[in-house]
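heads up, no residue letters with this:
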């Protein structure tokens, strides 16, 4: 359990006449990170110190980066390799589990997952800065290290970002310089010690069932409907399809402008739901129990008209509880049978006659599943 909380502040930058210097630095930095990742991948180097001694001098000579930017490029490359290896291990573990399940049921085996490939970074990927390569200055300015020396850019924070930056409870750490659609943003990381909280009551948990009709249903019966989400997504899909059929320059400009709106909309919906559930867990001193929905695309079939919803739904997967048969098992007597669930919304146990909303019944089963991991949660700001 982590004892440190982390958050990131995204702040728009006014780079003035320094765009050429930043673009050059961005290109060389990411070329260096790609080269480092390739060398360490081929030579099977996973230790950061070993990687540093192997690539540091050559990185500076090849790409003209300063000492600290070379170190930051190496750190970015090694973290990408570690993340890729972790994802590959998780994919293999899921495949082994699904392969065994299909073999036991006499079903056709799934093909093994594709091997992972070495991570690469485009010329417009982010630049990583640490405490020695950037500095926040007075009057909302920031000093950034580039191949042409130090440059000063103006930060354009809103009131919310400014209040977070000056909050003395949070310590400012490293930053990422991100280029997006011709605009630079500085993602500033902050950390603080986790506040002390009362431990959840032993065995007490709020089960959460994730779905399409209802985005989330908890074991107390509260449901977060997915009707507005489906309506909005249908509108986005239809609008994109219509513009793509037109294919004119104006339509393409409109598609570019629309890009990301659906993602931001869903991010906001997910954040609101998660915030509400975390607040309930904090107030009631209970843990959160959620289903492990990793690999749901491979494990389930969907009709053509439902594929987009299934593969882009609003539920956020957490690897906490095995979701197998939670929707078919009676939360009162434990009897498991497919016929128990009459429909998406109705559950009627064939053994004891217990009747309940199907999503609520599944959420109760999730809350009772063993083991239940107990995440540390911070106070919810209103």
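Yep, it's here. What you see is a predicted model; the values in this text were computed from it and never measured.

next helix or strand past the longest helix along the chain?
Assignment by DSSP state H gives helix 67-104 as the longest helix of the chain. Using DSSP states H and E, the helix or strand that follows helix 67-104 in sequence is strand 127-129.

elements contacting that next one?
Using 3 or more CB pairs under 8 Å, 6 or more residues apart in numbering; DSSP states H and E as the contact test, the elements touching strand 127-129 are helix 19-42, helix 67-104, strand 171-180. The C-beta positions use only the backbone N, C-alpha and C, and glycine is treated the same way.

quick one, which of these is packed in tightest?
Neighbour counts (mean count of other CB atoms under 10 Å) averaged over each of the helices and strands packed on strand 127-129 peak at helix 19-42, with a mean of 20.

by how many degrees do it and strand 171-180 diverge?
For helix 19-42 against strand 171-180, the angle between stretch directions is 100 degrees (axes from the mean of the first three to the mean of the last three CA atoms, to 10 degrees).

what does whatever helix or strand comes next after helix 19-42 contact?
Under the assignment DSSP H and E, the closest C-terminal helix or strand after helix 19-42 is helix 48-63. Contact partners of helix 48-63, identified using CB atoms under 8 Å, 6 or more residues apart in numbering, comprise 28-29, 31-32, 35-36, 39-40, 43, 45, 65-67, 70-71, 73-75, 77-78.

can you list the buried residues in helix 48-63?
Of all the residues in helix 48-63, those buried under the rule 16 or more other CB atoms under 10 Å are 51, 52, 54, 55, 56, 59, 63.

would you turn these into JSON lines with pLDDT and distance to residue 23?
Below are those laid out as JSON lines (pLDDT from 0 to 100; distance: CB to CB, whole Å):
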{"residue": "51", "pLDDT": "96", "distance to residue 23": "27"}
{"residue": "52", "pLDDT": "96", "distance to residue 23": "27"}
{"residue": "54", "pLDDT": "96", "distance to residue 23": "28"}
{"residue": "55", "pLDDT": "96", "distance to residue 23": "24"}
{"residue": "56", "pLDDT": "96", "distance to residue 23": "25"}
{"residue": "59", "pLDDT": "96", "distance to residue 23": "20"}
{"residue": "63", "pLDDT": "96", "distance to residue 23": "15"}
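
which of those sits closest to residue 246?
Residue 246 lies nearest to residue 63 out of the buried residues of helix 48-63, by CB to CB, at 43.7 Å.

look up how far residue 336 lies from residue 346.
Distance, residue 346 to residue 336, by CB to CB, to the nearest Å: 17 Å.

just the helices from the stretch 201-350 of the chain, written as ranges.
Applying DSSP state H, counting those that start in this stretch to the stretch 201-350 of the chain gives helices spanning 227-246, 249-258, 261-284, 296-299, 307-311.
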